[in-house]
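K.L.:
what would the 3D arrangement of this be:
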Amino acid sequence: MSIQYPARERLANLPTPLQPLDRISEQFSLPHGGPKIWIKRDDLTESAMSGNKLRKLEFIIAEARARGCNTLITCGGEQSNHCRATALAAAKTGMKAHLILRGGSGTGAPETPDGNLLVDYLAGAQVSLYPMREYVDTLPQLFEQWARFYEQQGDRALCIPTGGSDGLGIWGYLLAAEELLEDCRREGFAPDRLICASGSGGTQAGLTLGCQVFGSSADVTAYAVCDSTDYFIDKVRQDVADWAHRYRQAFPFDESRIHVIDDYIGPGYAIATEEIYQTIALAAQLEGILLDPVYTGKAFHGMLQDIKQGKYSGCKNLVFVHTGGQFGVFPQRTGFQNSWSQQ
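P.N.:
So this is what the prediction gives:
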């Protein structure tokens, strides 16, 4: 099926590399009858704006320009990768960015901001931190409040949902699916399964839709880092329906091909266990790949555990989509104290 993509602001360094994880495959997958593991390096979309969110922002910023907007308002956790990427992308394209962040005290920035939050400030974004309960209870009103604020100043804002995940943002990973499938063809194989982390659902939605649109038999398995399997199945349905409605697409999407595993969330969103920290260290030591404790570390750990349990024994080639998030390592530095070899 041919797809007519909407306008796009070129920000990412594409295509990103597809690489084999030979050492991890030999140690953890092949001995258990599992597949060869590959990794799609979307952590390399750009050096600072790095990660999956930049693919979505290419289409979001083009839409903002088409609407005559000069300000981007979005939301997320205090260490949101999406908000950090939005702040930098806005700076690069001459726009303003306002970030509505949860988890703060509501009285301003921490005395010493770290990780993604530090980059938010360096990029010149306006940051509003709210306590968790206020954020959860009033997020739609906060968007409205700040949109009115900019309108009164003579600006025009585009409000971007969590993670840029909706019928507009889905284009980023529809395009990524097309790119990834071509990568695999060039390497001489067809993937049996794509693996990703799912936090707001947009990357999963785009990959799942893309595999169907471009005629691949590969299914996408997403490892939830928050919320439940049922939540993400419904979220993917919503994003695909939003895409179909906005862009008048009549594609017969097969909802039975939405797959989510919620067994490895652990104590909660952005809370890692010792096993996750050890897996992140393992990937760094065996492959020189840096995962993060919020998204990719949990998904990669879940994938390895499920390979050991034989869940992917029928697969020959599995592709893990590395969605970035390395800035999230640093605020959790104390969790890694047992994760490296003592020399």
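
K.L.:
what about the helices in the chain?
P.N.:
Ranges of helices in the chain, per DSSP state H, are 22-24, 53-66, 81-92, 115-122, 132-152, 170-187, 202-213, 229-246, 274-287, 296-308.

K.L.:
let's see the third one as PDB, backbone CA atoms only.
P.N.:
Extracted in PDB, the C-alpha atoms of helix 81-92 (Å, rounded to 0.1, in the frame of the first residue of the first chain):
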ATOM      1  CA  ASN A  81      12.100  12.500  27.100                       C
ATOM      2  CA  HIS A  82       9.300  13.800  24.900                       C
ATOM      3  CA  CYS A  83       9.300  17.200  26.700                       C
ATOM      4  CA  ARG A  84      13.100  17.400  26.400                       C
ATOM      5  CA  ALA A  85      13.000  16.700  22.700                       C
ATOM      6  CA  THR A  86      10.100  19.200  22.200                       C
ATOM      7  CA  ALA A  87      12.100  21.900  24.000                       C
ATOM      8  CA  LEU A  88      15.100  21.400  21.800                       C
ATOM      9  CA  ALA A  89      13.100  21.000  18.600                       C
ATOM     10  CA  ALA A  90      11.300  24.200  19.400                       C
ATOM     11  CA  ALA A  91      14.600  26.000  19.900                       C
ATOM     12  CA  LYS A  92      16.000  24.700  16.600                       C
END
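
K.L.:
I'd like to know which elements it is packed against.
P.N.:
Contact analysis of helix 81-92 by 3 or more C-beta pairs under 8 Å, 6 or more residues apart in numbering; DSSP states H and E lists helix 53-66, strand 71-77, strand 96-102, helix 115-122 as its packing neighbours. For every residue, glycine as well, the C-beta is placed using N, CA and C.

K.L.:
okay if I get the ones you listed as a markdown table plus distance to Arg8, mean pLDDT and mean neighbour count?
P.N.:
Formatted as a markdown table, the entries for these read as follows, by distance: least, C-beta to C-beta, whole Å; pLDDT from 0 to 100; neighbours: other C-beta atoms under 10 Å:
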| stretch | distance to Arg8 | mean pLDDT | mean neighbour count |
| --- | --- | --- | --- |
| helix 53-66 | 5 | 98 | 24 |
| strand 71-77 | 16 | 97 | 25 |
| strand 96-102 | 19 | 97 | 23 |
| helix 115-122 | 24 | 97 | 21 |
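
K.L.:
between those, which one is nearest to Tyr269?
P.N.:
When these are ranked by proximity to Tyr269, the top entry is strand 71-77, at 7.5 Å, counting by C-beta to C-beta.

K.L.:
quick one on the thing from earlier: save the helices of the chain as CSV, and put in distance to Leu72 too.
P.N.:
CSV is the format used below for these (distance: least, C-beta to C-beta, whole Å):
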stretch, distance to Leu72
helix 22-24, 37
helix 53-66, 6
helix 81-92, 5
helix 115-122, 12
helix 132-152, 10
helix 170-187, 15
helix 202-213, 16
helix 229-246, 19
helix 274-287, 31
helix 296-308, 25
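
K.L.:
out of the ones you listed, nearest to Leu99?
P.N.:
For the helices of the chain, proximity to Leu99 was assessed by C-beta to C-beta; helix 81-92 is nearest, at 4.5 Å.

K.L.:
avg pLDDT for that closest one?
P.N.:
For helix 81-92, mean pLDDT rounds to 98.

K.L.:
give me the low-pLDDT residue ranges for the stretch 201-343 of the chain?
P.N.:
Counting by pLDDT under 70, the ranges of the stretch 201-343 of the chain that qualify are 341-343.

K.L.:
just to revisit the earlier point, closest one to Thr323 among the helices and strands packed on helix 81-92?
P.N.:
The stretch from the helices and strands packed on helix 81-92 with the least distance to Thr323 (C-beta to C-beta) is helix 53-66; that distance is 8.2 Å.

K.L.:
list the helices and strands that closest one packs on?
P.N.:
strand 71-77, helix 81-92, strand 157-159, helix 170-187.

K.L.:
quick revisit: which one of the helices of the chain lies closest to Tyr5?
P.N.:
Evaluated over the helices of the chain, closeness to Tyr5 peaks at helix 170-187, with 6.3 Å, by C-beta to C-beta.

K.L.:
give me phi/psi at the closest residue to Gln332 other than its chain neighbours?
P.N.:
In space, not counting the residues next to it along the chain, Gln332 is nearest to Pro293; the distance is 5.0 Å by C-beta to C-beta, 6 or more residues apart in numbering. When quoted as degrees, to the nearest 10, the phi and psi of Pro293 stand at phi -80, psi -10.

K.L.:
quick one: residues contacting Pro293.
P.N.:
With contact taken as C-beta atoms under 8 Å, 6 or more residues apart in numbering, Pro293 is in contact with Ala270, Ala272, Ile276, Tyr277, Ile280, Gly328, Val329, Gln332, Gly335.
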